[in-house]
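>>> I'd like to go over a predicted model; first the sequence, then the structure.
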Amino acid sequence: MKIDQNLIIDSNNKNLQTHQSHFNFLADSLSKKGKNVDAIVSRLKDFQVAIPSWALGAGGTRFGRFSYYGEPSNLEQKLEDVGLIHALTKTAGAVSLHIPWDIPTDYKAIKELANDLDIKFDAVNSNTFQDQEKAKESYKYGSLSNTSSAIREQAIQHNIDVINIGNQLGSKSLTVWLADGSCFPGQNNFQTALQNTENSLKTIYKKLPEDWNMLIEYKPYEPNFYSTVIQDWGTSFMLANACGDKAYSLVDLGHHLPNSNIEQIVSILMSKGKLGGFHFNDSKYGDDDLTVGSIKPYALFLIFNELVYGMQNNPQNPDLAWMIDASHNIKDPLEDLIQSLEAIQEAYAKALLIDQAELKAAQLNNDVVKCQEILQDAYRTDVRPLIEKARLDAGGVVHPIKTYRDLNIRNTLIKERGKNTVATGL
Ligand code: PSV
Ligand code: MN
Ligand code: MN
């Protein structure tokens with residue numbers, strides 16, 4: 001299914017007047033504060049976040065999975081779903097594939113479809129956390145870190161295959177997330193596991209095309225519950241440095257122990273030019289993969305403050321690969337992704353309102369109260385009309401969730417694809 005442009009125009013006509021009066025009011029008050037509203041709207045318009053192919057089906061836990069029906073069951077349908085979100089929001093112009101779940105059968109056709117939907121291929125993800133059909137070796141006790149060289153070689157070759165697949169689609173980076181670790185004390189030698197991982201990553205790194213990056217994700221626990229080989233940003237940073245200039249750390253919001261200061265991690269990595277990618281989600285307890293901004297929106301805003309600062313002041317850091325990494329059990333996945341995109345745009349817009357020069361002056365004066373006032377004044381601003389304006393200017397809709405429901409998209413997908421659908425994914 002593809003949304004007819006006339007339906008987008010009809011939907012906007014219903015909401016235009018209210019949007020306009022909200023926008024005028026906000027633009028007026030921000031202009032009086034010296035903000036450049038057009039520049040903020042234009043930054044929002046340019047901001048694109050990749051959708052992971054595995055978030056398009058209703059997620060699950062180890063206890064079960066409840067289908068939402070009409071989910072995509074092949075790569076073409078996954079792209080169509082991203083196309084739907086992008087047509088409404090104009091902020092989801094990229095997809096992140098997971099191999100082997102998303103191996104194209106016809107590259108030319110897939111590229112044409114993506115092009116037609118205005119979707120780019122973002123980072124490709126390898127999978128060495130599951131045993132693949134007909135694979136010779138098992139990852140039960142680890143992949144790139146395994147004590148067996150045959151297993152490590154199989155995992156290395158898989159990553160190289162993923163690079164080759166991504167290269168044919170126009171991707172420019174490989175994301176490596178490893179489940180490697182141990183469940184019980186004594187099970188692993190920490191030093192050997194890390195050294196093996198470093199050697200394996202270096203071998204993969206050597207196979208990166210010239211204009212590619214490697215993004216190394218970290219996670220403190222799960223599925224291993226005693227130790228994870230790449231447990232934190234320090235380990236990921238060390239490995240990225242060991243590999244070379246084209247290797248970077250990737251921060252996934254859900255991959256931290258409770259109360260970690262993620263904004264500080266972001267800031268330090270950017271100052272060292274080593275933050276390569278970002279996975280958005282939200283969590284209360286661990287890697288909950290909840291809707292972005294649903295639990296800790298202020299923390300998200302503080303992270304964006306550091307990202308904005310870094311984007312302005314750290315030319316040594318590359319452009320970031322932005323992606324949502326969430327998986328949902330009880331919501332319509334497309335509605336959930338739209339909510340996440342909205343929360344990301346909101347945090348970004350609020351961070352763009354911060355006067356960095358004024359903040360710096362207050363910091364130099366040790367005016368703690370003023371520093372907090374500057375941040376909170378931005379945070380308390382209802383920036384939604386700015387996001388609506390950015391969406392409208394880009395050809396999207398004023399209220400994506402409302403339009404999604406008005407257009408009865410899920411029911412149309414169910415009619416097209418049936419009720420018996422199970423998307424591949426986490
Ligand atoms: C597992 O924790 C995970 O959610 C990681 O965040 C990866 O990015 C994702 O799966 C896909 O491999
Ligand atoms: Mn992730
Ligand atoms: Mn995760």
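Here it is on my side, so go on. Ligands and ions are numbered 1, 2, ... in the order given.

>>> CA only for contacts and neighbour counts going forward, please
Fine.

>>> and the gap between N314 and R417?
Computed with C-alpha to C-alpha, to the nearest Å, the distance linking N314 and R417 is 47 Å.

>>> I meant to write S283 there.
Distance, S283 to R417, by C-alpha to C-alpha: 32 Å.

>>> between these two, which one's more packed in?
In this view S283 and R417 are compared by other C-alpha atoms under 10 Å, and S283 has more residues nearby, 20 against 16.

>>> next, name the residue at the spatial heart of the protein.
Within the chain, the residue whose C-alpha comes closest to the C-alpha centroid is M323; the distance, by C-alpha atoms, centre = their mean, is 1.7 Å.

>>> does that one sit in a helix, a strand or a coil?
Here M323 is strand, with the state taken from DSSP: H, G, I helix; E, B strand; the rest coil.

>>> quick one, longest helix in this protein?
Using DSSP state H to define each element, the chain has its longest helix at helix 5-32.

>>> mean confidence (pLDDT) on the helix or strand following that helix, please.
Secondary structure here is assigned by DSSP states H and E; on that basis, the next helix or strand after helix 5-32 toward the C-terminus is helix 37-46. For helix 37-46, the mean per-residue pLDDT is 98.

>>> likewise stretch 168-185?
Model confidence over stretch 168-185, given as mean pLDDT, is 98.

>>> hang on, K207 packs against V162?
No - K207 lies out of contact with V162 (C-alpha atoms under 8 Å); the separation is 10.9 Å.

>>> more neighbours: these two, which one.
Neighbour count, other C-alpha under 10 Å: between K207 and V162, V162 has more, with 22 against 14.

>>> quick check, pLDDT for the more buried one.
Confidence per residue is given as pLDDT, and for V162 that number is 98.

>>> that one reaches A123, doesn't it?
No - taking C-alpha under 8 Å as the definition, V162 is not a contact partner of A123, at 10.3 Å.

>>> between the two, which contacts overlap?
L174 (C-alpha atoms under 8 Å, 6 or more residues apart in numbering).

>>> can you give me the helices in the stretch 201-350 of the chain?
233-243, 262-271, 297-313, 333-353 (DSSP state H, counting those that start in this stretch).

>>> highest average neighbour count across those?
helix 333-353 (a mean of 23; mean count of other C-alpha atoms under 10 Å).

>>> what is the subsequent helix or strand relative to that helix?
In the C-terminal direction, the helix or strand that comes right after helix 333-353 (DSSP H and E) is helix 356-364.

>>> let me see the mean pLDDT of that next one.
Per-residue confidence for helix 356-364 averages out to 97 on the pLDDT scale.

>>> report the buried residues of it.
In terms of neighbour count (16 or more other C-alpha atoms under 10 Å), helix 356-364 has its buried residues at Q356, L359, A362.

>>> could you point out the helix or strand that follows that helix?
Next helix or strand after helix 356-364 toward the C-terminus (DSSP H and E): helix 368-379.

>>> other SSEs contacting that following helix?
Counting contacts by 3 or more C-alpha pairs under 8 Å, 6 or more residues apart in numbering; DSSP states H and E, the secondary-structure elements packed against helix 368-379 are helix 333-353, helix 356-364.

>>> just the C-alpha atoms of that helix, please, in PDB.
Output of helix 368-379 as PDB, limited to C-alpha atoms (Å, rounded to 0.1, in the frame of the first residue of the first chain):
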ATOM      1  CA  VAL A 368      24.100  27.200  38.500                       C
ATOM      2  CA  VAL A 369      20.600  28.500  38.700                       C
ATOM      3  CA  LYS A 370      20.800  30.300  35.400                       C
ATOM      4  CA  CYS A 371      22.300  27.200  33.700                       C
ATOM      5  CA  GLN A 372      19.300  25.200  34.900                       C
ATOM      6  CA  GLU A 373      16.900  28.000  33.900                       C
ATOM      7  CA  ILE A 374      18.300  28.100  30.400                       C
ATOM      8  CA  LEU A 375      17.900  24.300  30.000                       C
ATOM      9  CA  GLN A 376      14.400  24.200  31.500                       C
ATOM     10  CA  ASP A 377      13.100  27.200  29.600                       C
ATOM     11  CA  ALA A 378      13.900  25.300  26.400                       C
ATOM     12  CA  TYR A 379      12.500  22.000  27.800                       C
END
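
>>> quick one: F47 and K90 touch, right?
No - judged on C-alpha under 8 Å, F47 makes no contact with K90 at a distance of 9.1 Å.

>>> when these two are compared, which one has more neighbours?
Set F47 next to K90 and count neighbours by other C-alpha under 10 Å: K90 wins out with 26 against 16.

>>> what are the phi and psi values at the more buried one?
phi 60, psi 20 (degrees, to the nearest 10).

>>> and it, what does it touch?
Under the criterion of C-alpha under 8 Å, 6+ apart, the neighbours of K90 are K45, Q48, R391, A394, G395, G396.

>>> show me which of these is closest to Y69.
Proximity of these to Y69 was ranked by C-alpha to C-alpha; the top entry is G396 with 25.4 Å.

>>> tell me if the closest one really is in a helix.
No - judged by three-state DSSP, G396 forms no part of a helix; its state is coil.

>>> around it, how many other residues sit close by?
Counted with other C-alpha under 10 Å, the neighbours of G396 add up to 23.

>>> N261 versus that one, what's the distance?
Applying C-alpha to C-alpha to G396 and N261 gives a distance of 35 Å.

>>> D10 now?
44 Å.

>>> do M1 as well
When distance is defined by C-alpha to C-alpha, M1 is 42 Å away from N261.

>>> and for G64?
Using C-alpha to C-alpha, we find G64 at a distance of 32 Å from N261.

>>> got CSV for the helices of the stretch 201-350 of the chain, with mean pLDDT too?
Formatted as CSV, the helices of the stretch 201-350 of the chain follow (pLDDT from 0 to 100):
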stretch, mean pLDDT
helix 233-243, 99
helix 262-271, 98
helix 297-313, 98
helix 333-353, 98
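
>>> quick check: which of these is nearest to V176?
Distance to V176, taken as C-alpha to C-alpha, is lowest for helix 233-243 among these, at 10.5 Å.

>>> let's verify K402: helix, strand, or coil?
From three-state DSSP, the assignment for K402 is helix.

>>> just list the residues touching it, thanks.
Taking C-alpha under 8 Å, 6+ apart as the definition, K402 has no contacts.

>>> ok, how many other residues are close to K219?
The burial count assigned to K219 is 26, neighbours taken as other C-alpha under 10 Å.
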